[in-house]
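*Asks:* sequence and predicted model, in that order:
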Amino acid sequence: MTASRRTTLKLGKHCQKIGSGATPRGGKDAYKGGSTALIRSQNVYNERFHHGGLAYIDDVQADELRNVEVQANDVLLNITGDSVARCCMVDTSILPARVNQHVAIIRTKPEELDARFLRYTLVSPAFQSRLLALASAGATRNALTKSMIEGLEIDAPPLPEQKRIAHILGTLDDKIELNRKMNATLEAMARALFKSWFVDFDPVRAKMEGRQQEGMDSETAALFPDELVESELGMIPRGWEVTTLGDLLEVLETGRRPKGGVSGISSGVPSIGAESIWGIGKFDFGKTKYVSEDFFEKMNSGKVQHLDVLLYKDGGKPGEFRPRVGMFGHEFPFPKFGINEHVFRLRSEKVGQVYLYFAIEDPRVLLDFANKGGKAAIPGIN
């Protein structure tokens, strides 16, 4: 079997369109709603297109941005700010659409370069490092310019093989997306169950009313008392206690990064920051940062263990701080990894890691953290 003939393709030559858009006059307050989506950087992630926060503009605003109309098979690339280099295909279900000034459309010449092959190339770890290095070179703010994108060169096999590679990777992506949706459903079910049992105390109330808790076997029901008593936090099950999070934790620590940061380090041990704290097992591989093996081994705190609860502790603008909590199982997303100084690692043998995760993930708890830590000049929780 002979190796495929590979060639180097410059995007400026093999794409029919490369360009970014704009925000309608009046800024984000001018979003009037309508039938045309306005894609922003918060919608573009390496693993997929995110619908959260998708804005809509009216026909007049859409016409003003007609030169950045998004079409099926367009590759979207974030070109400014902290999300620079994130890349995905447009979700055709949201068309018609436009992009703002933080997102570039890359439209290939389909007879020369397969769009999906290009997207998989751009989100590869090696190319992500290359894009991040380009974006951070000689500017006060991370940015990729049109000329930078046009000058990008990629190695590509003949078009039929590009399509075969993209099809195989797309099939794997479809399976990953299905697993993600299943996991999200299971997490939502677990969250609802936790609230019923440990926030609303439904099994206790069922016992008090002389009925069987729906969906609970008798052995599990026997673990709950049959009475609620007064406490400083309101009514709680008899035998339970009010305590502080600090009294329950055996581990509460942050990690660290080497002096000079992690820019330019493309291999070693992954270092998890705020961009990876999104829930159970949710991880943006396109934003992976690294520290050297030697640095990791010398770290005296911040080495992640199985089912550690990870809490994003600081960052953002005053009044906009939103803490997030995550948890990763054994060998996911990596066999070993650490956290940086913006993340807390929490462990509690007294209540267990799963209980700890859902207790902190409670919207009331996260709101309390946000209120306490969001007003400082450097927002965060200590």
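*Replies:* Sure thing, it's come through.
*Asks:* for the residue lying closest to Ala85 once chain neighbours are set aside, grab the count of nearby residues.
*Replies:* Leaving aside its sequence neighbours, Ala85 sits nearest to Leu131 (Cβ to Cβ, 6 or more residues apart in numbering; 3.9 Å). C-beta here means a position set from N, CA and C on the backbone, and glycine is covered the same way. Neighbour count of Leu131, defined by other Cβ atoms under 10 Å: 25.
*Asks:* so Leu131 touches Ile79, yeah?
*Replies:* No. Counting by Cβ atoms under 8 Å, Leu131 sits too far from Ile79 to count as a contact (9.5 Å).
*Asks:* anything in contact with each of the two?
*Replies:* Common neighbours of Leu131 and Ile79 (criterion: Cβ atoms under 8 Å, 6 or more residues apart in numbering): Leu144.
*Asks:* list of residues touching the helix or strand where Ser147 lies?
*Replies:* Secondary-structure assignment from DSSP states H and E places Ser147 in helix 146-150. Helix 146-150 is contacted by residues 10-12, 15, 18-20, 77, 79, 104, 106, 134-135 when judged by Cβ under 8 Å, 6+ apart.
*Asks:* ranges for the helices of the stretch 51-200 of the chain?
*Replies:* Assigned helices in the stretch 51-200 of the chain, in chain order: 59-64, 115-122, 125-135, 146-150, 159-198 (criterion: DSSP state H, counting those that start in this stretch).
*Asks:* next one: the stretch 251-382 of the chain
*Replies:* Using DSSP H, counting those that start in this stretch, helices in the stretch 251-382 of the chain cover 293-298, 353-361, 363-373.
*Asks:* can you list the weak-confidence ranges in the stretch 1-150 of the chain?
*Replies:* Within the stretch 1-150 of the chain, the ranges that satisfy pLDDT under 70 run 1-4, 26-29, 138-140.
*Asks:* and the strands in it, which stretches?
*Replies:* For the stretch 1-150 of the chain, the strands defined by DSSP state E, counting those that start in this stretch occupy 7-10, 15-20, 36-39, 55-57, 75-78, 87-89, 97-99, 103-108.
*Asks:* save those as a markdown table, and put in distance to Ala126 and mean neighbour count too.
*Replies:* A markdown table is the format used below for those (distance: least, Cβ to Cβ, whole Å; neighbours: other Cβ atoms under 10 Å):
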| stretch | distance to Ala126 | mean neighbour count |
| --- | --- | --- |
| strand 7-10 | 15 | 13 |
| strand 15-20 | 20 | 17 |
| strand 36-39 | 26 | 24 |
| strand 55-57 | 33 | 20 |
| strand 75-78 | 16 | 26 |
| strand 87-89 | 14 | 22 |
| strand 97-99 | 26 | 26 |
| strand 103-108 | 18 | 23 |
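*Asks:* still on that earlier bit, let's have the contacts of helix 146-150 in JSON lines, adding distance to Pro203.
*Replies:* Below are these laid out as JSON lines (distance: Cβ to Cβ, whole Å):
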{"residue": "Lys10", "distance to Pro203": "65"}
{"residue": "Leu11", "distance to Pro203": "60"}
{"residue": "Gly12", "distance to Pro203": "64"}
{"residue": "Cys15", "distance to Pro203": "60"}
{"residue": "Ile18", "distance to Pro203": "59"}
{"residue": "Gly19", "distance to Pro203": "58"}
{"residue": "Ser20", "distance to Pro203": "55"}
{"residue": "Leu77", "distance to Pro203": "51"}
{"residue": "Ile79", "distance to Pro203": "52"}
{"residue": "Ala104", "distance to Pro203": "53"}
{"residue": "Ile106", "distance to Pro203": "54"}
{"residue": "Leu134", "distance to Pro203": "57"}
{"residue": "Ala135", "distance to Pro203": "53"}
